[in-house]
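my questions are about this predicted structure, shown below with the sequence.
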Amino acid sequence: MDLEKEMKKHTVSERSIKNNNLSDKKILKKILIVGGVAGGATTAARLRRMDENCSITIFERGKYVSFANCGLPYYIGGTIKHRGSLLVQTARGFKNRFNIDARTQSDVFRINREKKYIEVKDLKTDKIYPEEYDYLVLSTGALPVRPPLPGIDSEKIFTLRDVPDSDRIKEYIDNNSLTNAVIIGGGFIGLEMAENLHDRGLSVSIVEMENQVLAPLDFEMASIVHRHLREKNVKLYLNNKVTGFKNEGSKINVVLENKEVLPADMVILSIGVKPDSKLAAEAGLNTGINNSIKINKYLQTSDVSIFALGDVAENTILGRQAPVYLAGPANKQGRIAADNIACLINGVKKLKEYKGAIGTGIAKVFNLTSASTGFSEKYCKKENISSISSITHSGSHAGYYPGAANISIKLIFSGNNGKVLGAQAVGNDGVDKRIDIIASVIKMKGTIYDLAEIEHAYAPPFSSAKDPVNIAGYVAENILTDKVKIISWKELQESDPAETLLLDVRTTGEYESGTIKNAHNIPVDEFRNRMSEINELTEITREKNKKIVVFCRIGLRAYLAYRILVQNGFENVFNLSGGYLTFSTALSI
Ligand code: FAD
């Protein structure tokens, strides 16, 4: 095909319109968008609102534009009943409402940067044609990772990325009598699928090569999720790698590194995604972390006429380069890219800056909600970022109003100035609100002192006069201002028992129902009257400067005990962060 000839058909004549308000012809600027879902669709719609005259075309490889990928697990599980409600916008809707030409089943397979055109294959007719652009937007997303393991091509192995994927999974479940599924990968899609397959009556196992699910969480926070999954009869195979698959009769055998074999009716492979950047890389655009497309703060690639955004573009978390595969940042970038293109085509010089993400994510895991934002403690350790972490447990609302549930919050902050670096929250109710408040404080570069002062809407059904976010701030403030020293469950586990005196300050009943090995029980309410006993117990610790570790269920009573001890001259005292609840959950006691 003579592309140059083809190009002529698509150039000025097609790009000129008779504008009723203008006497002469106006040359249209032509904006092409590759990828028509989260980032691409947002860019297109916003751009039209900013500029009524430019020509906007979306090319989408799949059959659908602007569908709700985040809703797919719930459609499979049956919570979302109607398939149509996943289709947020259609090609016809784009035309009618926005005058946008959305071409589905259209694969863009090459970019000619020099002559500023792309090559498209119409997947319905196999016809190949060029399309020229003034500005090109790449929002090509990410592809599920499919490692070349033996047996990986079995028709019983599914990945989930788009509507046809969810159709395949749903039809397979609807049309076969299945009893069990193995999910490989304990990320948020894996866990959402676990819940939804469980809702469809399948017994579910999760295989995860790390020692925990939900990588953005630290281990002890993920342990709350582990416990809940086990309560729901989900089998967890942690620290386990899959080495291959084998079809056997109606089953598929999942083979683990430790040689264990898990027979299953179906397998969901959700071990992560990789940026779909082949098109960009072949066009010579610079790529970075995980082969994502490098962009500047205006979302332009190494070619300033080409923008990139969403899962395919390199992002930052708190200023550090990181992949961010989340719908929120993709949508926000879409708006900025559209505004910048509108500026450029209208001769406005000042462009909008994308300030980067903080990586705020949330997942429903059966009755639990798990959410995180910013850096984790393990990331800080790996990257040598100096930080302190503390764990608090508080009620989602006033305890005397029915239905209050525990929210566990882990706060990660700078020991120098109290700047909040990250947070994790897990609980049955109100987790979203708390993580969003902390994420906002992080975004505004706030500190733990800001968290302590956050003013929230309070009435008993919604919160307490001191919100869990305030409590997390108070505890962090106590640590930073030397009102309390804390020890983590891990530090305690690793410390020498001979060098540590453990004081369980809960009631005798609580102590008897389970405590930490070698702990002495002196309930906090008896503390002041039993000082001589404490003196005796601690005499030897004073001489040898041993650690005294006080603990209760969540850390509050132990804080009181701590304050009594230090004001009575005891030194080297520590409060167990998150109390026995965190310790026992992390160690599955
Ligand atoms: P996408 O929305 O994936 O769109 C990219 C599109 O580009 C694809 O449709 C693809 O077909 C098309 N394309 C690629 N290459 C070409 C080409 N060469 N030519 C033409 N078309 C092309 N995020 C959250 O924040 N919260 C959630 O709860 C959540 N749940 C999710 C659940 C599932 C099952 C999945 C799969 C994702 C979920 N995500 C969630 C992630 C979120 O959907 C993505 O981060 C977001 O869609 C990224 O937007 P994007 O525009 O970069 O890519």
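Thanks, I have it. This is a predicted model, so every value here is computed, not measured.

how about the residues of the stretch 301-450 of the chain by the ligand?
Residues of the stretch 301-450 of the chain lying close to the ligand (Cβ under 6 Å from any ligand atom) are 310, 311, 312, 325, 326, 327, 328, 330. Every C-beta, even on glycine, is put in place using the N, C-alpha and C of the backbone.

so the closest residue to residue 497 other than its chain neighbours: helix, strand or coil?
Excluding the flanking residues, the one nearest residue 497 by Cβ to Cβ, 6 or more residues apart in numbering is residue 518, at 5.8 Å. Per DSSP: H, G, I helix; E, B strand; the rest coil, the local secondary structure of residue 518 is coil.

for residue 518, give its distance to residue 496.
As for residue 518, its distance to residue 496 is 11 Å (criterion: Cβ to Cβ, to the nearest Å).

same thing with residue 179?
When distances are taken as Cβ to Cβ, residue 179 and residue 496 turn out to be 49 Å apart.

ok, residue 97 next?
In this structure, residue 97 lies at 69 Å from residue 496, with Cβ to Cβ as the measure.

list the buried residues in stretch 507-525.
Neighbour-count burial for stretch 507-525, counted by 16 or more other Cβ atoms under 10 Å, picks out 507, 510, 511, 515, 516, 519, 521, 522, 523, 524.

kindly check the end-to-end length of that stretch for me.
Length of stretch 507-525, first residue to last, Cα to Cα, to the nearest Å: 9 Å.

give me the contacts around that stretch.
Counting by Cβ atoms under 8 Å, 6 or more residues apart in numbering, stretch 507-525 makes contact with 492, 497, 501-506, 530, 533-534, 537, 551-553, 557-558, 560-561, 564, 580, 583-584, 589, all of which sit outside it.

so among those, which ones count as buried?
For these, buried by 16+ other Cβ under 10 Å: 492, 501-506, 534, 551-553, 557-558, 560-561, 564, 580, 583-584.

please flag which of those sit within strands.
Counting by DSSP state E, the part of the buried ones among the contacts of stretch 507-525 found in strands is 501, 502, 503, 504, 551.

and which of those residues is nearest to residue 208?
Comparing these against residue 208 with Cβ to Cβ picks out residue 551 as the nearest, at 29.8 Å.

let me see the contact set for the closest one.
502, 503, 504, 505, 516, 519, 558, 575, 576, 579, 580, 583.

cool, and residue 152?
146, 245.

also the one 10 residues further on?
Going by Cβ under 8 Å, 6+ apart, residue 162 touches 62, 64, 67, 69, 72.

for stretch 485-504, measure first residue to last.
When the termini of stretch 485-504 are compared using Cα to Cα, they are 16 Å apart.

now do that stretch: distance to the chain's middle.
Here the centre of mass of C-alpha atoms in stretch 485-504, compared against the chain's by Cα atoms, centre = their mean, to the nearest Å, lies 32 Å away.

what's the answer for stretch 327-337, then?
Using Cα atoms, centre = their mean, we find the averaged C-alpha position of stretch 327-337 to lie 16 Å away from the chain's own average C-alpha position.

start the count at 749 instead of 1 going forward.
OK, 749 is where the count begins now, so the last one is stretch 1075-1085.

give the buried residues for it.
Of the residues in stretch 1075-1085, those scored as buried under the neighbour-count criterion (16+ other Cβ under 10 Å) are 1075, 1077, 1078, 1079, 1080, 1081, 1082, 1083, 1084, 1085.

list the contacts of it.
For stretch 1075-1085, the surrounding residues in contact (Cβ under 8 Å, 6+ apart) are 786-791, 794, 817-818, 885, 887, 1046-1047, 1055, 1057-1059, 1061, 1063, 1100-1102, 1105, 1108.

in helices, which of the residues you listed fall?
Using DSSP state H, the members of the contacts of stretch 1075-1085 that fall within helices are 786, 787, 788, 789, 790, 791, 794.

now the residue in the stretch 1149-1298 of the chain that the ligand sits nearest to: closest residue in space, sequence neighbours ignored.
When distances are taken as Cβ to the nearest ligand atom, the stretch 1149-1298 of the chain approaches the ligand most closely through residue 1180, which lies 11.7 Å from it. Distances taken as Cβ to Cβ, 6+ apart place residue 1110 nearest to residue 1180, at 5.9 Å, with adjacent residues excluded.
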